[in-house]
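K.L.:
The following block contains a protein sequence and its predicted model.
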Amino acid sequence: MLQNRNLSVNDKKRLLLLATQEIERADSSLEPKEEERKKESKEDSKNASILAIHAPKDTASFLSLFNDPNGFKFLTHDYDPDSNMNYDKLMMQVREQFKEATAKYRIPKNLYALMSAFIYGGIGKDGKVRTWMDCDGIFHKENYTSKNWVEWSGNNPNVHLLSNEEIAKEILKFRSSIRLVKPILCDIISRQEAKHSNLIIQTNGLEKADFYTYVWALENGIKRILDDMARYADKTPNVKISFERSFSDDFSKRIIKITQLGSISSSIDDVLQKFKT
């Protein structure tokens, strides 16, 4: 029914609401016994990490806050000329927005850790200074709570930290970790091509890729796909990687399509196993 083009967006929302109410009514008539509740509670705690799966659209909404002056924009961009923003106001705004956004959106744990370490700093459970990992897999200790960042901000009120050349290097490294800019996707594929010399890779449209994402995780995903394809390179070495864009009213799509030409799976079980892992 949700695919029905004759239904308006409001009709679809209403449909989901009614369906949810029906499910809740059905659930309430099948309330588990007390001992079953306790058992389920233990299982829920045990499997919390498995159940906490992120949602791609939530991740897109979270990252869109880096375009919002009232969100995370000034973490990685200079203040607007007519803005009265300063370090203290920025930290208050960003931390409040982060708290609200992470309560509202389901984002990947590693993206949460990246952002949290960059704006809060502090000491980790191991007693060491918390670090964040950039798009190249390199760990950084510098963050918005670092002593030299705070002191420089105090000595330069209403001036963004990007005006400090050394600090700017760290901020821009963080920025390149949450946004894929032209021609970084080309660089990623070139690096992976060097690691998978038994594959013959042709590309199309990669230079057009420019969008917010957790860049390290994206490259890691591409690497894992090519690792698997390389196992069958003796029979099907040709791989095509293309970048496509599509637009809609609510979310735009950025599609990286990786195809091993001429490759056919041996069985549906093989396909399902790959999908699960």
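P.N.:
Nice, thanks for sending it over.

K.L.:
Going by C-alpha atoms from here, please, whenever you check contacts or count neighbours.
P.N.:
Will do.

K.L.:
and A101, what element?
P.N.:
helix 87-104 (DSSP states H and E).

K.L.:
Over to G137: give its phi and psi.
P.N.:
phi 80, psi 10 (degrees, to the nearest 10).

K.L.:
packing partners for the helix holding A101?
P.N.:
The contact analysis (3 or more C-alpha pairs under 8 Å, 6 or more residues apart in numbering; DSSP states H and E) places helix 87-104 against helix 73-76, helix 109-120.

K.L.:
Restrict it to CA atoms and write it as CSV.
P.N.:
C-alpha atoms of helix 87-104 as CSV (Å, rounded to 0.1, in the frame of the first residue of the first chain):
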residue,chain,number,x,y,z
TYR,A,87,33.6,29.3,21.3
ASP,A,88,31.4,29.0,24.4
LYS,A,89,28.2,29.6,22.5
LEU,A,90,29.3,27.0,19.8
MET,A,91,30.1,24.4,22.4
MET,A,92,26.7,24.9,24.2
GLN,A,93,24.8,24.7,20.9
VAL,A,94,26.7,21.7,19.5
ARG,A,95,26.5,19.6,22.6
GLU,A,96,22.8,20.4,23.0
GLN,A,97,22.1,19.5,19.4
PHE,A,98,24.2,16.3,19.7
LYS,A,99,22.2,15.2,22.8
GLU,A,100,18.9,15.8,21.0
ALA,A,101,19.9,14.3,17.7
THR,A,102,21.3,11.1,19.2
ALA,A,103,18.2,10.6,21.2
LYS,A,104,16.1,11.1,18.1
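
K.L.:
in that helix, what's buried?
P.N.:
The neighbour-count check on helix 87-104 (16 or more other C-alpha atoms under 10 Å) flags 87, 90-91, 93-95, 97-98, 101 as buried.

K.L.:
Now pLDDT and distance to E244 too, for those residues, in a markdown table please.
P.N.:
Formatted as a markdown table, the buried residues of helix 87-104 follow (pLDDT from 0 to 100; distance: C-alpha to C-alpha, whole Å):
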| residue | pLDDT | distance to E244 |
| --- | --- | --- |
| Y87 | 97 | 39 |
| L90 | 97 | 36 |
| M91 | 97 | 36 |
| Q93 | 97 | 35 |
| V94 | 97 | 32 |
| R95 | 97 | 34 |
| Q97 | 97 | 31 |
| F98 | 96 | 31 |
| A101 | 95 | 29 |
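
K.L.:
Dump the residues you listed into a markdown table; add distance to I184 as well.
P.N.:
Shown next, in a markdown table, are these (distance: C-alpha to C-alpha, whole Å):
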| residue | distance to I184 |
| --- | --- |
| Y87 | 30 |
| L90 | 29 |
| M91 | 29 |
| Q93 | 30 |
| V94 | 27 |
| R95 | 29 |
| Q97 | 28 |
| F98 | 27 |
| A101 | 27 |
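
K.L.:
Which parts of the protein are helices?
P.N.:
9-28, 34-46, 48-51, 56-63, 73-76, 87-104, 109-120, 147-155, 165-178, 184-195, 215-230, 268-276 (DSSP state H).

K.L.:
Tell me the one of the buried residues of helix 87-104 nearest L15?
P.N.:
A101 (26.1 Å; C-alpha to C-alpha).

K.L.:
Who are the contact partners of the closest one?
P.N.:
Contact analysis of A101 by C-alpha atoms under 8 Å, 6 or more residues apart in numbering lists F62.

K.L.:
Likewise for L206?
P.N.:
183, 185-186, 242-243.

K.L.:
Could you report the separation of it from I178?
P.N.:
Applying C-alpha to C-alpha, to the nearest Å, the value for L206 to I178 is 18 Å.

K.L.:
I figured Y144 was touching S153, is that so?
P.N.:
No: using C-alpha atoms under 8 Å, Y144 makes no contact with S153, being 10.1 Å away.

K.L.:
any common contacting residues for the two?
P.N.:
Common neighbours of Y144 and S153 (C-alpha under 8 Å, 6+ apart) do not exist.
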